[in-house]
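Student: Build the 3D model from these lines:
(chains A, B, C and D, ligands or ions: 2)
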Amino acid sequence: MRLEDHLRSRRAAGRKLLMPYLTGGVTATWVDHLRALADAGADAIEVGLPFSDPTLDGVTIQEATDAALARGATVRGILGDITGFTDDVPLVASTYYNLVVRDGPERFCAALRDAGISGLIVPDLPLDEAGEAADAAASVGVDLVLLASPATPQPRLAEIARRSRGFVYAVSLMGTTGERATVAESAATLASRIKGSTDRPVLVGFGISTPQQAVEAARSADGVIVGAAIMRRVLDGATPDDVGADLAKMRRALDQERDQP
Amino acid sequence: MRLEDHLRSRRAAGRKLLMPYLTGGVTATWVDHLRALADAGADAIEVGLPFSDPTLDGVTIQEATDAALARGATVRGILGDITGFTDDVPLVASTYYNLVVRDGPERFCAALRDAGISGLIVPDLPLDEAGEAADAAASVGVDLVLLASPATPQPRLAEIARRSRGFVYAVSLMGTTGERATVAESAATLASRIKGSTDRPVLVGFGISTPQQAVEAARSADGVIVGAAIMRRVLDGATPDDVGADLAKMRRALDQERDQP
Amino acid sequence: MGDPGRQGRFGNYGGGYVPESLVAACRQVEEAFREAWPDPGFQQSLARLLAVQVGRPTPLTPVRRLSAELGINLLLKREDLTHTGSHKINNVLGQALLARRMGKTHLIAETGAGQHGVATATAAALLGLAATVFMGQRDIERQALNVYRMRMLGAEVVPVETGSRTLKDATSQAMRHWVGATEHSYYCVGSVIGPHPYPWMVRTFQRVIGDEARGQCAAELSTAVPDYVVACVGGGSNAAGTFAGFVDTSARLVGVEAEGGAGAALGRVGVLHGARSLFLQDGDGQIVEAHSIAAGLDYPGVGPEHAHLRDLGRARYVTVTDDEATSALVRLARTEGIVAALESAHAVAWVIRAAGAGELPPGATVMLTLSGRGDKDVSTLKELA
Amino acid sequence: MGDPGRQGRFGNYGGGYVPESLVAACRQVEEAFREAWPDPGFQQSLARLLAVQVGRPTPLTPVRRLSAELGINLLLKREDLTHTGSHKINNVLGQALLARRMGKTHLIAETGAGQHGVATATAAALLGLAATVFMGQRDIERQALNVYRMRMLGAEVVPVETGSRTLKDATSQAMRHWVGATEHSYYCVGSVIGPHPYPWMVRTFQRVIGDEARGQCAAELSTAVPDYVVACVGGGSNAAGTFAGFVDTSARLVGVEAEGGAGAALGRVGVLHGARSLFLQDGDGQIVEAHSIAAGLDYPGVGPEHAHLRDLGRARYVTVTDDEATSALVRLARTEGIVAALESAHAVAWVIRAAGAGELPPGATVMLTLSGRGDKDVSTLKELA
Ligand SMILES: Cc1ncc(COP(=O)(O)O)c(C=O)c1O
Ligand SMILES: Cc1ncc(COP(=O)(O)O)c(C=O)c1O
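Tutor: Ligands and ions are numbered 1, 2, ... in the order given. Predicted coordinates:
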């Protein structure tokens, strides 16, 4: 099943979507973490393919990236690790455009597909530059997710929503990835604006750190992406079970919110 | 008796003139050194009035100057020390022009005369600038000694010889005061040139360090001035007797030279 | 070397590979620049600053003794004589005027050698703006003089501890900071790198080097145009500004990179800091850390227009070792009384090598942009001595 | 401010109080200068060096933000933008050309801040001469950057351990050395001090500052001539060169000395380093050690022409403390993006104080010679911070 179909059907079931992020290769047993996240109720998982110069990431994901690269993580290795991971929870690769360019978008996307990955996020690839990668992804059935930000003006926002595949990634605030004490006000505004122009799923990411924040951010969107909060725990030595338990709390918080009137 | 008359009469007696130099105030007992030099056969003694910036002196006399100033030596104090020193051995003050200008040449020369000093050497006062000081010195009967150097061209040399009083100071070489291993060739040439244009006594100074050198330098001149070689010994702790013994050796060497055919 | 259009393309290179959060900010810069540049008022303000603050025009100095030794005719375009001591100020004053015109109150900058940081701090002080300069910890150590100069000028210098702790990482950190500060802050990029419109805009501001040199060569040389035009290449701004003045002549254009930071000579196609260009990468596509004694050349990539000029064969890119650069610096100092920046000494080193190897024919005229002065490098060189 | 004649007299001051061994050498310099100066060939060579090597003319920069704060109209003559970073190079190139014309192969120089030493080393390298620079041990320590620059340029730097181990003692040592080396060596004096013809010759070579500034003021100011002309005074060369351009106008001339080195403001008549002038002395006529944070002002005397201008009442001499100078340096950096030399900052400090005290009337136009840039002082300032 295509990523977008999967998310639409989950949403149709009345569920708020939850997409955790994990840096590929961050520890020797990272696939166990991946499985724990899947088991704890993730609707999809974002797998970071570490790049030496993560210009849109804050300190936590920079640190995770450095750790993965120091361990010798490579795109090839990570894709090998996850081949045949599961069909139930789609994986979405996320990386910087240089790694896509390295082999060329076509070969890169084909490799993703071969490893069972169904989506791709490239934070430094805006709409205007996305044509080649979008074509390559589409031709192998991988969904290229585009990002929208609080600074995105209206007609452009609609175009992004139209051309994004899988879902639309709503960047909650003007800033880098990383935990924040509160959900930015801009998150709700942006999510509502996107939802006003597309029925594609809209996930809010950047700075979602706690179950409460997830609930709050999910109100005007279809779900949330949680990255740095998980990676902080992983870097601090959390086991797969620990990480699974954390995610399960978020899952429950989101589900309870739905079940309340 | 005027300095020049004294030197002329000594020369007339067939004697090579010997003029040691001593920095005024260099030690607490410097007047004892002065007396020892007089007793050891000096025909006159050059007394340095220490100046903070002795631009024509080499390291030894710089060091002696620094020592004297560090002891608090002043022109007034030094003149006080030597008042009534002796009538037999004339004293010649030597200093830089700034100390002359300080009180004005007239008061300065009068103070020299009152202390019993009969000559004055100012190494940074060339012929062209000497008018005021020469008049002031003459008016109180102090002989202003002018210096000639190997670089002095002919008509100027004659003028220096003519306007100098006391004697003509032949600077043996192009350089500062200080001991040298040999007497510069320029010394003999210069002395002969000066003697060719005046019958005033001609003393050679700068770098005369040993009895042999004194003998050699005195050959074409009327005598020698010995400065750094003595001051080196004083700075190294030589007693008045030590210094007297040294000068006596020079005296003997010069006298022997005369007595040889 | 013209207008790269709305997409900012130089052949296959350039573009605007920035997070969506910066797209609007980059557009705003482009609009402002497209509107300001043809405005006589803007041109006048800039020209006046370049004259009274920077000291332009800078001289073109015929180098007599070294030329004689090398058997060529070497002319130096003296960017070392500008205010703050390198060509960086030409660009910074242009951008700072633009920022003020846009109503921004803060300048953000990355710096390697510190020259761009000092220039930015200077322009900020002059125009009453605040300045925050990101600088790799390693560069902070080897360019301590410039760090203190920036602080004295009132700029905040932020140490960058990530990655190689040099220019590449400082650039990443400046971009991160800008994402959260676009409203009041203007990102003042220091070379012909970064997303559109920066490579084009920075080259346009630096073009004054090449235009002046072209005119001065016409007055100085019987051939009017030199046989070779040479400049060092870090990101490539002094070279781009220089080449722009000669690209339509018969002069051969040579960009000289540090052996350990040779994006144009040894890099592969990639995307970094907003542009598609040539970068040093490993087999997995990770950017490789550059290594050069010259902090300003310690960058693993090159501006997109240089990548394009290389593809076209219009410019050649060559490399020089640390040792060659330091020897050239000393030789120029001893023969001409000019202590050049280590960056600029790379260009001199190539000329010395090429003349020695007969690659430069005897009597060849060579116009070399001396991008900066070496005061900032004296402590580095002292440690070597 | 004309020709002081064969005796080199400025009123009661000047002259040639040198050992007989240097009389001929000084005469030779005077003859050579009197012969070279009117020679169009010499003028052309010098003008060309000043243009292509030094980067003259230097700009006259209207200072906007600080002027507004002070309620005056301040213009800076930018000698900090010259090659090697201070006005010293103007004089040195003139003397070095003269030395070469005289067939000399060596340059001797004294230096305080190191700027004159760097300039001399530079000129020597450029013209293929050897250079020996005397520098006080204390200055060697506080101006380490310049010491290394000189060595890189191929000059020999000789530490002077006597006396205050600063400029005064370096000057004495240079003179001692010259006595023994007149045949091949030319003594390149760094300020308007020393025996005739130096004060006159150095002022003549530095006059380019004042002449340029006069013309630039005429273009820049509605009044054509500024109300005040201000420069710092160590020995007094940048001030003398500046004043020479304005002495025949209505401008008030102000020389600013370091409080601890104020020969003109606080000195008494004396003779040092070959000239009759004003020097700091104790009651016994011993020269007093100067004390200034600015190595280039750390000299207990002043050039004879300044003593004369003071007597005439044509120029005024004022003093500024170390603290005032460092504050002025920082204030100028923060408001105008110019890091001035500590020496030059003294002149700025006086303007700030005088404007604050109402001594400069509101709206007064002030032309200030910024004699050099502050790179050399950054480590001194860093220690204070
Ligand atoms: C003196 C100097 N030259 C050259 C460079 C390299 O920059 P670019 O290649 O942009 O001219 C720098 C950078 O800091 C520099 O300071
Ligand atoms: C920058 C600067 N300004 C001023 C001076 C003082 O010299 P003068 O009074 O001769 O101009 C110096 C001396 O080293 C200097 O370096």
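Student: Pull out the buried residues from stretch C:301-317.
Tutor: C:301-310, C:315-317 (16 or more other CB atoms under 10 Å in any protein chain shown). Heads up, the C-betas are built off the backbone N, CA and C, glycines and all.
Student: Hmm, I typed the wrong one, I wanted stretch C:203-220.
Tutor: C:203-214, C:216-217, C:220.
Student: Ok, stretch A:245-252 next?
Tutor: The neighbour-count check on stretch A:245-252 (16+ other CB under 10 Å) flags A:246, A:247, A:248, A:250, A:251 as buried.
Student: which ones among these are found in helices?
Tutor: The members of the buried residues of stretch A:245-252 that map onto helices under DSSP state H are A:246, A:247, A:248, A:250, A:251.
Student: Let me see the contact set for the fourth one.
Tutor: By that I understand residue A:250. Shown in contact with residue A:250 (CB atoms under 8 Å, 6 or more residues apart in numbering or on different chains): A:18, A:211, A:214, A:224, A:226.
Student: low-scoring stretches of the stretch 201-350 of chain C, by residue?
Tutor: Judged by pLDDT under 70, the stretch 201-350 of chain C has no weakly predicted residues.
Student: Can you name the residue of it nearest to chain D?
Tutor: As assessed by CB to the nearest CB, chain D sits closest to residue C:337 within the stretch 201-350 of chain C, at 3.5 Å.
Student: From chain B, how far off is residue A:147?
Tutor: Using CB to the nearest CB, to the nearest Å, residue A:147 is found at 76 Å from chain B.
Student: That residue - how many residues pack around it?
Tutor: By the measure other CB atoms under 10 Å in any protein chain shown, the count of residues near residue A:147 is 25.
Student: next one: residue C:229
Tutor: Applying other CB under 10 Å, I find that residue C:229 has 30 neighbouring residues.
Student: Look at the closest residue to chain D within the stretch 151-300 of chain C and report its pLDDT.
Tutor: Of all residues in the stretch 151-300 of chain C, residue C:154 sits closest to chain D, at 4.4 Å by CB to the nearest CB. We have a pLDDT of 96 for residue C:154.
Student: quick one, what contacts it?
Tutor: By CB under 8 Å, 6+ apart, the residues touching residue C:154 are C:121, C:124, C:125, C:130, C:131, D:333, D:334.
Student: rewinding a little: out of the ones in helices among the buried residues of stretch A:245-252, who's nearest ligand 2?
Tutor: Of all those, ligand 2 sits closest to residue A:246, with 64.0 Å by CB to the nearest ligand atom.
Student: Surely that closest one touches residue A:232?
Tutor: No. With contact defined as CB atoms under 8 Å, residue A:246 does not reach residue A:232; the gap is 10.3 Å.
Student: can you give me the helices for the stretch 1-150 of chain C?
Tutor: Using DSSP state H, counting those that start in this stretch, the helices found in the stretch 1-150 of chain C span residues C:20-36, C:40-49, C:64-70, C:88-101, C:115-127, C:137-142, C:144-152.
Student: Then the stretch 151-261 of chain A?
Tutor: Going by DSSP H, counting those that start in this stretch, the stretch 151-261 of chain A shows helices at A:154-163, A:185-195, A:211-218, A:228-235, A:240-259.
Student: Can you get me a residue count around the residue of the stretch 101-250 of chain C found nearest chain B?
Tutor: Nearest to chain B in the stretch 101-250 of chain C, going by CB to the nearest CB, is residue C:145, at a distance of 34.8 Å. Neighbours of residue C:145 under the rule other CB under 10 Å: 21.
Student: Could I get the full set of helices for the stretch 201-350 of chain C?
Tutor: Secondary structure of the stretch 201-350 of chain C (DSSP H, counting those that start in this stretch): helices at C:237-244, C:263-266, C:304-312, C:322-336, C:342-356.
Student: ok, and the closest non-adjacent residue to residue A:57?
Tutor: residue A:177 (4.8 Å; CB to CB, 6 or more residues apart in numbering or on different chains).
Student: And residue C:348, by the same measure?
Tutor: With CB to CB, 6+ apart as the criterion, residue C:348 has its nearest non-adjacent residue at 4.2 Å, and that residue is residue C:328.
Student: So that neighbour sits against residue C:344, correct?
Tutor: No. Look at residue C:328 against residue C:344 with CB under 8 Å: they stay out of range, at 9.2 Å.
Student: and residue C:172, what is it in contact with?
Tutor: Residue C:172 touches A:53, A:54, A:55, C:160, C:162, C:163, C:273, counting by CB under 8 Å, 6+ apart.
Student: how many other residues sit next to the residue of chain C found nearest chain A?
Tutor: Here chain C gets closest to chain A at one residue, residue C:285, 3.2 Å apart by CB to the nearest CB. As a burial measure, residue C:285 scores 24 neighbours (other CB under 10 Å).
Student: and what of residue A:189?
Tutor: Using other CB under 10 Å: residue A:189 sits among 14 other residues.
Student: Run a quick neighbour tally on the nearest residue to it once chain neighbours are set aside.
Tutor: What sits nearest to residue A:189 in space, not counting adjacent residues and going by CB to CB, 6+ apart, is residue A:150, at 7.1 Å. Per other CB under 10 Å, the neighbour tally for residue A:150 reads 20.
Student: for residue C:35, same thing?
Tutor: Residue C:35 is flanked by 13 other residues according to other CB under 10 Å.
Student: Over to the one 4 residues further on?
Tutor: Neighbourhood size, residue C:39 [other CB under 10 Å]: 11.
Student: before we move on, the earlier item: which ones among the contacts of residue C:172 map onto helices?
Tutor: Secondary structure defined by DSSP H assigns none of those to helices.
Student: could these go into CSV alongside distance to residue C:51?
Tutor: Shown next, in CSV, are the contacts of residue C:172 (distance: CB to CB, whole Å):
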residue, distance to residue C:51
A:53, 39
A:54, 43
A:55, 37
C:160, 35
C:162, 40
C:163, 40
C:273, 32
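Student: and which of these is nearest to ligand 2?
Tutor: Of all these, the one with the least separation from ligand 2 (CB to the nearest ligand atom) is residue C:160, at 34.2 Å.
Student: Distance check, the closest one against residue C:140.
Tutor: Distance, residue C:160 to residue C:140, by CB to CB, to the nearest Å: 9 Å.
Student: These two: which is more packed in?
Tutor: The neighbour comparison of residue C:160 against residue C:140 (other CB under 10 Å) goes to residue C:160, with 25 against 21.
Student: Which one, of the helices of the stretch 201-350 of chain C, ends up nearest to residue B:158?
Tutor: helix C:322-336 (47.2 Å; CB to CB).
Student: Quick check: buried residues in the closest one?
Tutor: Of the residues in helix C:322-336, C:322, C:324-336 count as buried by neighbour count, 16+ other CB under 10 Å.
Student: helices or strands up against it?
Tutor: Applying 3 or more CB pairs under 8 Å, 6 or more residues apart in numbering or on different chains; DSSP states H and E, we find helix C:322-336 packed against strand C:60-63, helix C:64-70, helix C:342-356, helix C:378-384, helix D:115-127, helix D:144-152.
Student: ok, is the fifth one in contact with ligand 2 or not?
Tutor: I take that to be helix D:115-127. Yes. Helix D:115-127 lies within reach of ligand 2 by CB under 6 Å from any ligand atom, at D:115, D:116.
Student: Buried residues in that helix, which are they?
Tutor: D:115-127.
Student: go on, stretch C:2-19?
Tutor: Applying 16+ other CB under 10 Å to stretch C:2-19 flags C:4, C:8, C:9, C:10, C:13, C:14, C:15, C:16, C:17, C:18, C:19 as buried.
Student: Straight-line length of it, end to end?
Tutor: 26 Å (CA to CA, to the nearest Å).
Student: where are the low-confidence patches of chain A?
Tutor: A:1, A:261.
Student: measure the residue nearest the centre of it to residue A:233 for me?
Tutor: When CA atoms, centre = their mean is applied to chain A, the residue found nearest the centroid is residue A:46 (4.0 Å). Per CB to CB, residue A:46 is found 16 Å from residue A:233.
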